[in-house]
Every structure is written in structure tokens, then in C-alpha cells.
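Chemist: please work out how this folds:
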Amino acid sequence: MQNVSSQQHFILNGFAELGDLRPVLFVPFLLMFIVALLANSLLVYVVVSQRSLHQPMSILIAGMACVDLCLPVFFVPNMLLSFLFDWKGISLIGCLVQMHFIHFFGAFQSTFLVWMALDRYFAICTPLHYQELMALQRFLKFIVPLVVRNMLLISLFVSLAGKLSFCRNVMNHCFCEHMALVELACGSTAINNLVGLLTVFLIPVFDFLFIAASYILIISTMLRSSSTSVKALHTCITHAMVITVSLAVALIALLSYRIKNELPAAVRVFFSTMYLLFPSCFNPIIYGVRTTEIRQHMLTTLTHWKRLADPEALDQDGLSVLRSGKSSAKALHTCFTHIIVMVISLTFVLTAFLSYRMNSLPNAGRLFVSIMYMFLPSCINPIIYGVRTTEIRQSILKVLFTYW
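Modeler: Model (predicted):
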């Protein structure tokens, strides 16, 4: 039966539930794509062009920016064409190639966080040996195993997916996601499900546990040494926020195909897309703008480019931010914080309100989104606005040191 006819051409039909409103998605995804390209390109350029930034942590941040720059290129343009012109077709070979690159670069989003956690661990817990441990020859023993792990696991499940026979060719997704393709196969897909689940736990979950363990050691060292505590807490909170949000969205996206649930296809597609695209947009802000040296060089570069383009044409508000030294850094820092909070909040708000008008979510899904829309800011705002404010952060640390 499997040899009768195996589909070689597929239709990517993600967000089909939106009907005539589907082209509206072109605008937000185009804006996110532009932000990802521009922000990551600027970050890579600044780190590469400034010799003072050729330090281990800055190089790792630039490496993550390269990943975040490449990843959207493999699926967002196809999505935009699909939204605008209804171009949905893709061949099996094209689908497998796209799948390989999406998952390969996606795996390195959490892998770079592991390497950055190691950098912070060496800098805070073993400061006297930091330069020695972070030397390329020594650090390769942490790089090579994770690169090999990512390559082997991603290549394995993509090759297994390519050997399947497919009875259907309409994929309810905007790009070739592994389980979205496997669902179209004829016969048993138990091996594909097992390898896919193994990959989930050996890459993002393992990376999260490793980072969590390293931060526990960092915080315990930090609480015994007040000299590095502020900077360490600042970095740890940033990493913890990013990896927690990324892992939560990734697990929802990946496990929703493997565990029976009532999530509609549109919600699966949304989480699968945001799991890849959200870090590409906000990692440059979180890691670039929040790092003092990188932020200062970014401001200098932007100011220089503006003056070269048209020194008289700058808007007065933007000009005051770009030319005001320390105040410019603080202003940019605050602006990006507000942008992050507003985008996350707006996403939950729109999902909560539109789900009742488009009948796209089950009752449990609507309830969950509505609760998170109200509850998430209460949990995250103290971290974003409290810990990220220097005076408040220092007071928090004094209280912790006093009563710990």
C-alpha cells in the first residue's frame, strides 16, 4: 500500500482558519523580519568592527546574532509570499532542506546560551583562570560536542522523515516543521516520533537544565562575594528570562504534535513560528543593547551613519537620544524595555480578544490566554522594571545580603 503513490509536492496551508484575513499577517511578520535582519546585522557589524569588543562574551553574542540573522531567512520570505500572493507549494526535497536548516539553526539558539552561561560561570566562579579557560584551544572541548550533537540529531530525524511515504500533501503549517510533515505519512511513524522527542529533550531541555545548574552555582558564589554580585545578577536574570520564555514556547510547539490535546492547528503554527522568530527579534536587544560596551558602540555607529546620510534631517527627539552620551544609553535602554513588554503584552491581548471573535481556540485555550494576559505582567514586570533599574537592583541586593 505504501508504494502506490507517495506525494512529492506539498502545500503549506498555515493559518488557513483565518480565511480572508490571512493576508493581514503579512504586515506583522514583515516588520519582525526587518527588525531581525537589521538588529542582528548591526550587532554583528559592531562586534566585528570594534577591536575592543573582541572578548569571549561579545564574540558569543555576535555568534548568536549570526544564528538569529540566518534562521528567519530560511522560512519567513516563503511565509510572506504565501500570505500576500497565496504561493503555498514546495517540493519534498525543498521541504527537507528547509526543515534541516530551520531546526539546525534553531538548535543553536539554546546552544549559544549554554556557552554564554559557561562564560559567566568561569568569569564569576573562577575569575583567576577565566582567560585560560576561555582560550579557544580550551573552550573547544565545550564547543565541539554540542555542535556534533546538534548536527547528528537534526540530520537523523530529517533523513528519517525523507524516507517516509506520504498519503496527503496539505501541511497545516507555514514552513516545513518536522512533525507537521510526519503527520502526513502513511503507516507507522513511531520511530520518527521517538527520535523527534529524543531531540527535544537532548537539545532545548538539556540546555535549559545545564544553564539552570550553572546559574545556581553562579548565584551561590555571587551571594558570597558582593564585588561582582550586581553584574552577575543582571546577567543571570537576562539569561533566565530568555531561556525560560524560549523553552516554554518551544515545548508547547514541539510537544503539541506528540501529545494529544485540543490545541487548534492555528495555535500550533503560531507557537512554532514564534519559537523561531521571537528570539531573532529580541536577542539583539536583550544581549546587545543591555551590554554597556556594545550599546555604546552601537550608538556611535548609528550616530555616524546618520550624519553621513543627512546630518540636518534627524528628528529632534531621535537626535537628542543619539547625541546625549550617558543619557542616550539610558534612554535607549528604557525604550527597548518598554518595547519588549508592550509586544509581549499585545500578543496575549490580541490572542485573548480575537479568539472569542474568530472561534479559533477551545474554551481551555481561551481561558489560558486570558489568564496569562492578566497574570504574566504581574510576574515579569518586577524583574524587567525592578531588577533592570540600577537603584532598585542595588537595594534588592543589599536586602538579600542583609537577610540571607
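Chemist: helices of the stretch 101-250 of the chain, start to end?
Modeler: Secondary structure of the stretch 101-250 of the chain by DSSP state H, counting those that start in this stretch: the helices cover 130-133, 136-162, 178-182, 190-200, 206-224, 229-255.
Chemist: distance to residue 301, mean neighbour count and mean pLDDT added to those, as TSV?
Modeler: Glycine gets a C-beta too; all of them are placed from N, C-alpha and C. TSV is the format used below for the helices of the stretch 101-250 of the chain (distance: least, Cβ to Cβ, whole Å; neighbours: other Cβ atoms under 10 Å; pLDDT from 0 to 100):
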stretch	distance to residue 301	mean neighbour count	mean pLDDT
helix 130-133	28	14	88
helix 136-162	27	15	92
helix 178-182	39	23	87
helix 190-200	38	17	89
helix 206-224	30	17	84
helix 229-255	22	19	70
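Chemist: so which of those helices comes closest to residue 14?
Modeler: helix 178-182 (8.7 Å; Cβ to Cβ).
Chemist: packing partners of that closest one?
Modeler: helix 92-125, helix 136-162, helix 190-200 (3 or more Cβ pairs under 8 Å, 6 or more residues apart in numbering; DSSP states H and E).
Chemist: now render those helices as a markdown table, adding distance to residue 292.
Modeler: Output for the helices and strands packed on helix 178-182, formatted as a markdown table (distance: least, Cβ to Cβ, whole Å):
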| stretch | distance to residue 292 |
| --- | --- |
| helix 92-125 | 15 |
| helix 136-162 | 23 |
| helix 190-200 | 36 |
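Chemist: for residue 295, find the nearest of these.
Modeler: Relative to residue 295, the nearest member of the helices and strands packed on helix 178-182 by Cβ to Cβ is helix 92-125, separated by 17.0 Å.
Chemist: would you mark the buried spots in the closest one?
Modeler: Using 16 or more other Cβ atoms under 10 Å as the test for burial, helix 92-125 gives 92, 95-96, 98-125.
Chemist: quick one: average confidence on it?
Modeler: Averaged over helix 92-125, pLDDT sits at 90.
Chemist: quick one: work out the angle between that helix and helix 190-200.
Modeler: Here helix 92-125 runs at an angle of 30 degrees relative to helix 190-200 (axes from the mean of the first three to the mean of the last three Cα atoms, to 10 degrees).
Chemist: on that earlier part again, the helices and strands packed on helix 178-182: which one's closest to residue 180?
Modeler: helix 92-125 (9.2 Å).
Chemist: for that closest one, the distance to its chain's centre please.
Modeler: Centroid separation between helix 92-125 and its chain, computed with Cα atoms, centre = their mean, to the nearest Å, is 10 Å.
Chemist: what's in contact with stretch 38-52?
Modeler: With Cβ atoms under 8 Å, 6 or more residues apart in numbering as the test, stretch 38-52 has contacts from 53-54, 58-59, 61-62, 65-66, 68-69, 280-281, 283-285, 287-288, 293-294, 297-298, 301-302.
Chemist: mind running it again at 10 Å?
Modeler: 53-55, 58-72, 280-285, 287-289, 291, 293-302, 305, 336 (Cβ atoms under 10 Å, 6 or more residues apart in numbering).
Chemist: buried residues in that stretch, which are they?
Modeler: For stretch 38-52, the neighbour count (16+ other Cβ under 10 Å) marks 39-40, 42-44, 46-47, 50 as buried.
Chemist: can I get that stretch as PDB, trimmed to CA atoms?
Modeler: Below are the C-alpha coordinates for stretch 38-52, written out as PDB (Å, rounded to 0.1, in the frame of the first residue of the first chain):
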ATOM      1  CA  LEU A  38      18.600  45.000  10.800                       C
ATOM      2  CA  ALA A  39      19.200  44.500  14.500                       C
ATOM      3  CA  ASN A  40      21.300  41.300  14.100                       C
ATOM      4  CA  SER A  41      23.300  42.800  11.200                       C
ATOM      5  CA  LEU A  42      24.100  45.900  13.200                       C
ATOM      6  CA  LEU A  43      25.100  43.800  16.200                       C
ATOM      7  CA  VAL A  44      27.500  41.600  14.100                       C
ATOM      8  CA  TYR A  45      29.000  44.600  12.400                       C
ATOM      9  CA  VAL A  46      29.600  46.400  15.700                       C
ATOM     10  CA  VAL A  47      31.300  43.400  17.300                       C
ATOM     11  CA  VAL A  48      33.400  42.600  14.200                       C
ATOM     12  CA  SER A  49      34.500  46.200  13.500                       C
ATOM     13  CA  GLN A  50      35.400  47.200  17.100                       C
ATOM     14  CA  ARG A  51      38.600  45.500  18.400                       C
ATOM     15  CA  SER A  52      37.700  46.400  21.900                       C
END
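Chemist: appreciated, that's everything.
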